[in-house]
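[1] Pasting the sequence and the predicted coordinates here, then a few questions.
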Amino acid sequence: MGEEKKPEFWRWTETNWVNPEIDWKRAKFLSVGIDVGSVSTQAVIMADGEIFAYGNMRTGSDSPNSARNGLNFAMEKTDMPESRIDSCIGTGYGRVNVPMADRTLTEIACHARGANFIYGPQVRTVLDVGGQDMKAIQCDDKGRVTNFLMNDKCAAGTGRGMEVFADLLGVPIVEVGERSYNVKQEPPAVSNTCVVYAKSEATGLLRKGWTTEEVLAAYCRAMAERIYSLVERLGVIPEFAITGGMAKNRGVIDRLMPMIGLEPAKTQWDSQIAGGVGAALFAFALCQKGKGKERKPRSA
Amino acid sequence: MLANYGYQDGSGEYFITVDTEKCDGCGDCVNICPARVFEVVEEDPNDPLREEPVAMVTPDKRRKLKYECNPCKPSVNRPPLPCVKSCKAGAFSHSW
């Protein structure tokens, strides 16, 4: 029997980082935000409202374990003991399963707050394209949500859909963006209402003789159109910031932005940590109010 | 805050918008809705620093609004929607 080895094209790089300029021992409050998404989990540790360390990894099939692994991954390069954490807030799709969280908040509140921090207070519209849902959020200069729209009914136009396509076409997910521009002529979009329809449509196109790159381009365009229909409904006020894993996919974002007619805000930070940053900032606000260690009953 | 609960799918857009600036959390909508689509929570999870009661669409109904709201929306002689009518503050609107 031969050993079956299947490359995992959907797999993206897991990262952790620690800020060498921050000495956690001097921090008054250490707050943590854990964003357990449907696809990825981020744990962000903040020292007095500044990002001290974070970990960004894949969510496993077990949410409590993912939250634990995420936090361990974030703490890996630090010598900070977990007992030093003053407050922890869970957010994201799997937020009810974060055992160490003092309380939970919706990812909408956290992404707005996080985008306000990592992209700057001039951001008024935040688009979060996550693993299985997308959210368009308008916020004020303090990162407070003023209007939001979320589509979590189906995974079309989300990271999960992109993973399915990467796997179908055998293209590593990090290369999808670049390779989708490797076409002579931009092809029309495939179905933008359903990943499964789009996938069967793509299989048909491949049989017709389309190149892998053309199919990728057609799917990236479909995703951009899908995302645009959500953004259009909410309306865009500049500046416009994109959070979540899809912000790293040039194939979708560079097709989306001309539809919107704006340039996306830029940041030095990983776009995926915005939700965790927001949660950590809320946790920091709780510490300042003196509610850090008080264990509140968890709410969904 | 305008909170849009609902979804968009291949057949259209199904959103109920709650204007949380207008909503005072009285709960009239909760009892009047035949499908029990609404609930009042003590603290808005999307605006945690506000700390005032507010009406929202219950999480398990958010992905089914097309069906849950359907009985209140006949194709002809459409009466005012009970939820919209019950809200004295005028905090609700439907997208479809």
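    Perfect, thanks for sending it.
[2] Roughly how far does the residue sitting nearest the centre point of chain A sit from residue A:122?
    By C-alpha atoms, centre = their mean, chain A has its centre lying nearest to residue A:244, at 2.4 Å. Separation of residue A:244 from residue A:122 (C-beta to C-beta, to the nearest Å): 20 Å. Placement of C-beta: from N, CA and C, glycine included.
[3] Torsion angles phi and psi at the residue in chain B that chain A sits nearest to?
    Nearest to chain A, among the residues of chain B, is residue B:7, at 3.7 Å (C-beta to the nearest C-beta). As for residue B:7, its main-chain torsions (degrees, to the nearest 10) stand at phi -160, psi 170.
[4] Look up phi and psi at the residue nearest to it when sequence neighbours are not counted.
    Leaving aside its sequence neighbours, residue B:7 sits nearest to residue A:153 (C-beta to C-beta, 6 or more residues apart in numbering or on different chains; 3.7 Å). Torsion angles at residue A:153 (phi, psi; degrees, to the nearest 10) stand at phi -70, psi -40.
[5] Could you report the neighbour count for residue A:153?
    Summarising burial for residue A:153: neighbours were counted as other C-beta atoms under 10 Å in any protein chain shown, giving 17.
[6] What score does it have for pLDDT?
    In this prediction, residue A:153 carries a pLDDT score of 80.
[7] Name the helix or strand for residue A:155, please.
    Take DSSP states H and E as the rule and residue A:155 turns out to sit in neither a helix nor a strand.
[8] which residues does it contact?
    With contacts defined as C-beta atoms under 8 Å, 6 or more residues apart in numbering or on different chains, the neighbours of residue A:155 are A:132, A:133, A:161, A:195.
[9] again, only this time at 10 Å
    Taking C-beta atoms under 10 Å, 6 or more residues apart in numbering or on different chains, we find residue A:155 in contact with A:38-39, A:130-134, A:161-164, A:194-196.
[10] Kindly provide the distance from the residue lying closest to it once chain neighbours are set aside to residue A:59.
    Of all residues not flanking residue A:155 in the chain, residue A:132 sits nearest, at 4.9 Å (C-beta to C-beta, 6+ apart). In this view, residue A:132 and residue A:59 are 10 Å apart by C-beta to C-beta.
[11] mind checking which helix or strand of chain B has the lowest mean pLDDT?
    strand B:2-9 (a mean of 89; mean pLDDT, DSSP states H and E).
[12] Give me the buried positions along whichever helix or strand comes after it.
    Next in sequence after strand B:2-9, counting helices and strands by DSSP H and E, comes strand B:12-19. By 16 or more other C-beta atoms under 10 Å in any protein chain shown, the buried positions in strand B:12-19 come out as B:13, B:14, B:15, B:16, B:17, B:18, B:19.
[13] if we look at chain A, which of these are close to it?
    Among the buried residues of strand B:12-19, proximity to chain A is found for B:13, B:14, B:15, B:17, B:19 (C-beta under 10 Å from any C-beta of the partner chain).
[14] ok, the last one - contacts?
    Residues near residue B:19 by C-beta under 10 Å, 6+ apart: A:147, B:1, B:2, B:3, B:87, B:89, B:90, B:91, B:92, B:93.
[15] nearest residue to residue A:76 other than its sequence neighbours?
    Excluding its sequence neighbours, the residue lying closest to residue A:76 (C-beta to C-beta, 6+ apart) is residue A:16, at 5.7 Å.
[16] Counting neighbours, what do you get for the one you found?
    19.
[17] still on that earlier bit, my read: the residue of chain B closest to chain A touches residue B:68, true?
    No - between residue B:7 and residue B:68 there is no contact under C-beta atoms under 10 Å: 12.0 Å.
[18] what sits in contact with each of those two?
    With C-beta under 10 Å, 6+ apart, residue B:7 and residue B:68 have common neighbours B:14, B:62.
[19] tell me the contacts of the residue of the stretch 151-300 of chain A at minimum distance from chain B?
    Closest to chain B within the stretch 151-300 of chain A is residue A:153: 3.7 Å, counting by C-beta to the nearest C-beta. Residues near residue A:153 by C-beta under 10 Å, 6+ apart: A:133, B:6, B:7, B:8, B:9, B:14, B:62, B:63, B:64, B:65, B:66.
[20] try residue A:230
    By C-beta under 10 Å, 6+ apart, the residues touching residue A:230 are A:127, A:129, A:134, A:135, A:136, A:149, A:150, A:151, A:157, B:7, B:8, B:13.
[21] Distance check, the third one against residue A:59.
    Distance from residue A:134 to residue A:59, counting by C-beta to C-beta: 17 Å.
[22] One more: the last one?
    Computed with C-beta to C-beta, the distance linking residue B:13 and residue A:59 is 29 Å.
[23] Is chain B within reach of the helix or strand residue A:45 falls within?
    With secondary structure defined by DSSP H and E, residue A:45 is part of strand A:40-47. No - with C-beta under 10 Å from any C-beta as the criterion, chain B is not reached by strand A:40-47; the gap is at least 16.6 Å.
[24] and that strand, which strands flank it?
    According to DSSP bridges, strand A:40-47 has the following sheet partners: strand A:30-36 (antiparallel), strand A:50-58 (antiparallel).
[25] among the contacts of residue A:230, which are in strands?
    Those of the contacts of residue A:230 mapping onto strands are A:127, A:129, A:134, A:135, A:136, A:149, A:150, A:151, B:7, B:8, B:13, per DSSP state E.
[26] Hmm, residue A:125 and the fourth one touching each other?
    No - using C-beta under 10 Å as the test, residue A:135 is too far from residue A:125 to be in contact (11.0 Å).
[27] Could you tell me which residues touch both of the two?
    Each of A:112, A:234 lies in contact with both residue A:135 and residue A:125 under the rule C-beta under 10 Å, 6+ apart.
[28] For residue 28, which non-adjacent residue is spatially closest?
    Since you didn't name a chain, this refers to chain A. residue A:48 (5.6 Å).
[29] that's the wrong chain, I wanted chain B
    In space, and not counting its chain neighbours, residue B:28 is closest to residue B:86: 4.6 Å by C-beta to C-beta, 6+ apart.
[30] That'll do, ta.
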